[in-house]
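S.K.: Sequence first, predicted coordinates after that:
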Amino acid sequence: MTDGDASAEHLPGDGAREDVRTALIEWYEADHREYPWRETDDPYPILVSEIMSQQTQLDRVVDAWDDFLDRWPTVDDLAAAPRGDVVSFWSGHSLGYNNRAKYLHEAAGQIVDDYDGEFPETPAELQELMGVGPYTANAVASFAFNNGDAVVDTNVKRVLYRAFDVPDDDAEFERVASDLMPEGDSRVWNNAIMELGGVACEKTPRCDVAGCPWREWCHAYETGDFTAPDVPTQPSFEGSRRQFRGRVIETLGEYDDLPLSELGPRIRVDYGGDTGREWLRDLVADLADDGLVTVDDAGDEVRVRLRE
């Protein structure tokens with residue numbers, strides 16, 4: 001079996017696959033978390049952000065990243081700095097593992113001395129830098145030069161496992177991720193799929209709240225099983241949209257009709273807030289579009305009944 005054949009077991013067919021790609025990129029470009037290193041294609045600040053975020057939450061990295069670049073704004077400045085100053089900065093900003101500061105400083109020296117101050121542009125070349133492994137090299141190549149392979153981190157594995165039922169195997173994750181990424185778009189694609197894992201397909205998924213663009217194709221969304229390699233037991237998420245559609249139909253089968261205020265608590269115990277009236281209104285609108293229910297909003301209260 002070829003790599004393409006293996007990926008085909010998990011991914012939608014060619015036509016739908018393009019829809020999957022387009023949906024994710026459009027979702028990301030419409031709205032995503034704004035981090036300053038996403039606003040540049042300069043490899044130096046991107047490398048700094050990648051090294052800092054290896055063991056630190058992104059929101060905590062922002063201030064340290066700003067301070068670091070204020071102090072050493074170019075790779076030449078960093079290479080010329082005393083190593084002790086860089087390590088002291090790292091420790092003072094609670095970035096953990098001071099060896100990463102030493103490696104970053106040494107990598108800056110390599111770029112200045114061995115590459116005449118010009119960053120290497122491919123993942124293979126970037127791995128020649130001290131402390132830069134395959135993941136970091138690929139991220140820098142993607143985000144700085146749009147020249148990377150598919151990034152596979154914990155978030156991406158969770159997304160692929162849930163969405164396309166990819167088995168928990170590193171080689172399989174790499175294969176499927178590479179086959180799914182559109183050629184020549186590693187910058188936006190890798191940002192987008194990591195964003196999906198970071199805000200929608202978290203350990204506790206937020207499929208509807210975050211507007212996940214892959215709900216139409218997602219295996220977990222269809223089955224309600226949201227376990228993952230880093231989520232060995234079912235998270236507290238109540239279930240999939242398909243399950244809630246079924247609950248609406250089942251509940252309305254027991255009553256002539258119900259107002260939204262009574263229907264909501266009958267189909268989910270956590271009805272309210274992000275999964276309250278607007279969420280339910282959208283759900284029953286989908287059912288109405290499919291010809292399954294009738295929605296009457298002429299009075300003071302929106303009421304729903306099964307279509308006869």
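M.R.: Received, thanks.
S.K.: Mind listing what's buried along stretch 92-106?
M.R.: Neighbour-count burial for stretch 92-106, counted by 16 or more other Cβ atoms under 10 Å, picks out His93, Leu95, Arg100, Ala101, Lys102, Tyr103, Leu104, His105, Glu106. For every residue, glycine as well, the C-beta is placed using N, CA and C.
S.K.: Do me a favour and get the end-to-end distance for that stretch?
M.R.: End-to-end distance for stretch 92-106, by Cα to Cα, to the nearest Å: 19 Å.
S.K.: List the contacts of that stretch.
M.R.: 47-48, 51-52, 54-56, 61, 63-64, 67-68, 78-79, 81, 83, 86-87, 89-91, 130-132 (Cβ atoms under 8 Å, 6 or more residues apart in numbering).
S.K.: so Arg38 makes contact with Asn190?
M.R.: No - under the criterion of Cβ atoms under 8 Å, Arg38 makes no contact with Asn190, lying 11.2 Å away.
S.K.: Of those two, which one has the most company?
M.R.: Between Arg38 and Asn190, Asn190 has the larger neighbour count (other Cβ atoms under 10 Å), namely 25 against 15.
S.K.: all strands of the stretch 201-308 of the chain, in order?
M.R.: With DSSP state E, counting those that start in this stretch applied, the stretch 201-308 of the chain shows strands at 258-259, 293-296, 303-306, listed in chain order.
S.K.: Most tightly packed of those strands?
M.R.: Stretch with highest mean neighbour count among those: strand 303-306 (a mean of 19; mean count of other Cβ atoms under 10 Å).
S.K.: Could you dump the buried residues of stretch 92-106 into TSV and include pLDDT?
M.R.: What follows is the buried residues of stretch 92-106, written out as TSV (pLDDT from 0 to 100):
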residue	pLDDT
His93	93
Leu95	91
Arg100	94
Ala101	96
Lys102	96
Tyr103	96
Leu104	98
His105	98
Glu106	98
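S.K.: Mind checking which of those residues are in helices?
M.R.: Arg100, Ala101, Lys102, Tyr103, Leu104, His105, Glu106 (DSSP state H).
S.K.: Of those residues, which pair is most distant in space?
M.R.: Arg100 and Glu106 (10.7 Å; Cβ to Cβ).
S.K.: can you list the weak-confidence ranges in this structure?
M.R.: 1-8, 14, 236-240, 269-270, 299 (pLDDT under 70).
S.K.: mind giving me the domain split of it?
M.R.: According to automatic domain parsing, the chain comprises the domains 3-34+151-223, 42-145, 241-306.
S.K.: Let me have those in CSV, extended by distance to Asp230.
M.R.: Below are the domains of the chain laid out as CSV (distance: least, Cβ to Cβ, whole Å):
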stretch, distance to Asp230
domain 3-34+151-223, 6
domain 42-145, 16
domain 241-306, 23
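S.K.: just to revisit the earlier point, quick check: neighbours shared by Arg38 and Asn190?
M.R.: Common neighbours of Arg38 and Asn190 (Cβ under 8 Å, 6+ apart) are Phe143.
S.K.: and the gap between Pro45 and Ile193?
M.R.: 22 Å (Cβ to Cβ, to the nearest Å).
S.K.: neighbour count winner among those two?
M.R.: A direct count of neighbours by other Cβ under 10 Å for Pro45 and Ile193 places Ile193 higher, at 27 against 21.
S.K.: and which of the buried residues of stretch 92-106 is nearest Ala177?
M.R.: Using Cβ to Cβ, those come closest to Ala177 at Arg100, 25.2 Å.
S.K.: and Leu280, what is it in contact with?
M.R.: Contacts of Leu280 by Cβ under 8 Å, 6+ apart are Leu260, Leu263, Gly264, Ile267, Tyr271.
S.K.: And for Gln110?
M.R.: If you count contacts by Cβ under 8 Å, 6+ apart, then Gln110 has Glu128, Leu129, Met130 around it.
S.K.: now the residues you listed as TSV including secondary structure and distance to Leu160?
M.R.: Output for the contacts of Gln110, formatted as TSV (DSSP: H, G, I helix; E, B strand; the rest coil; distance: Cβ to Cβ, whole Å):
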residue	secondary structure	distance to Leu160
Glu128	coil	29
Leu129	coil	28
Met130	coil	31
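S.K.: Quick check on these: which are buried?
M.R.: Buried among these by 16+ other Cβ under 10 Å: Leu129.
S.K.: out of the contacts of Gln110, which one sits closest to Ala220?
M.R.: Taking Cβ to Cβ as the measure, Ala220 sits nearest to Leu129 out of these, at 37.4 Å.
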